[in-house]
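# got a predicted structure plus its sequence, pasted below:
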Amino acid sequence: MLDGSVRDGSVRERMPAHRAAAPWQAEPWHADPYVRALHAGHGPLFLRRADGWMLPLDVERWCADADAADRTVLRRCQGPILDIGCGPGRLVAALAIHGHPCLGIDVSQAAVDRTIREGGPALCRSVFEPLPGEGRWGTALLIDGNIGIGGDPRALLTRVAQLMAPDGLLVVEAAGADVDERVRVRVDDGRGGVGTAFPWARVGVRALLHHAHAVGWELVEQWTARDRGFVSLRHAPPLPRSPTEH
């Protein structure tokens, strides 16, 4: 059993590390090509659209230590930190090593297992399922394209707002291209191994800010590091209704 507590006095809950996520959420990332790549620590691995276009996945970077671009994200983290779609856990491990209260979540048990081996606390859980510390996370991370989770950026951003503490910070990595697409993809190893189709999204910075503003997020900062683009956001509380509104 993993003690899923985040030990800052505000986020505490014991949960099992090994649990069966809902099949519709976990199935794609339990597919053999992804699991094999995580075990090997390298690709090739792609997200493949129905039209045959393939997006390379940087498995080697995911399985390495946090790099200089990652550290620009980690320096901005505050309070207890939730890494959504933590993958093999390089960010959670880096945070934990430096004593930051943190938790990674991922629907892939293989990714969660690797995160724990690297020294980071993690749960096999979807962001759309109940999570420990809802409403109390100081920072949430959507890195490595994880704004695409669920295939609907606005629904994901709305859900993340429910998880955050007042004045909490969300850090998102956007696609390098000026793109705004919702697609169904499969994990593909380029050698005949293909996983189950699932919804995904890709958004560049302009589209990300458009979607974020539509569901109440405000831009705090925007930066680039090693050709990767990031934004940080805070969720604005709803404006009070005037006495004349019904």
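Sure thing, it's come through.
# can you give me the strands in this protein?
46-49, 54-56, 81-84, 102-106, 122-124, 137-142, 164-174, 180-188, 198-203, 217-225, 228-235 (DSSP state E).
# let me know which of these is the nearest to residue 94.
Among the strands of the chain, strand 102-106 comes nearest to residue 94, with 9.2 Å by CB to CB. For the C-beta atoms, the positions are set from N, CA and C on the backbone; glycine is no exception.
# adjacent strands (with direction) for the closest one?
Partner strands for strand 102-106, per DSSP bridges, with pairing direction: strand 81-84 (parallel), strand 122-124 (parallel).
# the inter-axis angle of it versus strand 137-142?
In terms of direction (axes from the mean of the first three to the mean of the last three CA atoms, to 10 degrees), strand 102-106 departs from strand 137-142 by 40 degrees.
# and for strand 102-106, what's in contact with it?
Contacts with strand 102-106, where a contact means CB atoms under 8 Å, 6 or more residues apart in numbering, come from 4, 6, 11, 29, 80-87, 89, 91-92, 95-96, 112, 115, 120-127, 131-133.
# from the chain's centre, how far out does it sit?
With CA atoms, centre = their mean, to the nearest Å as the basis, strand 102-106 stands 9 Å off its chain's centre.
# so for that strand, mean pLDDT?
Taken as a whole, strand 102-106 carries a mean pLDDT of 98.
# now it - C-alpha only, PDB.
C-alpha atoms of strand 102-106 as PDB (Å, rounded to 0.1, in the frame of the first residue of the first chain):
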ATOM      1  CA  CYS A 102       3.400  16.100  -4.200                       C
ATOM      2  CA  LEU A 103       1.400  13.300  -5.900                       C
ATOM      3  CA  GLY A 104       1.400  11.900  -9.400                       C
ATOM      4  CA  ILE A 105      -1.700  10.300 -11.000                       C
ATOM      5  CA  ASP A 106      -1.800   8.300 -14.100                       C
END
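# can you list the weak-confidence ranges in this protein?
1-31, 238-246 (pLDDT under 70).
# all helices of it, in order?
Here the chain has its helices, by DSSP state H, at 23-26, 32-40, 59-63, 68-74, 90-97, 109-117, 153-163, 205-214.
# what helices and strands are in contact with the longest one?
Contacting helix 153-163 under the criterion 3 or more CB pairs under 8 Å, 6 or more residues apart in numbering; DSSP states H and E are the following elements: strand 137-142, helix 205-214.
# and what of the last one?
In this structure, helix 205-214 packs against helix 153-163, strand 164-174, strand 180-188, strand 217-225, strand 228-235, with contacts taken as 3+ CB pairs under 8 Å, 6+ apart.
# most tightly packed of the strands paired with strand 102-106?
Mean neighbour count, computed with mean count of other CB atoms under 10 Å, is highest for strand 81-84 among these, reaching a mean of 28.
# what lies in contact with it?
Strand 81-84 is contacted from outside by 89, 91-92, 95, 100-105, 127, 131, 133, 137-143, 146, 149, 160, 163, using CB under 8 Å, 6+ apart.
# how does it look with 6 Å?
The contact list for strand 81-84, computed with CB atoms under 6 Å, 6 or more residues apart in numbering, reads 91-92, 95, 102-104, 127, 137, 139-142, 146.
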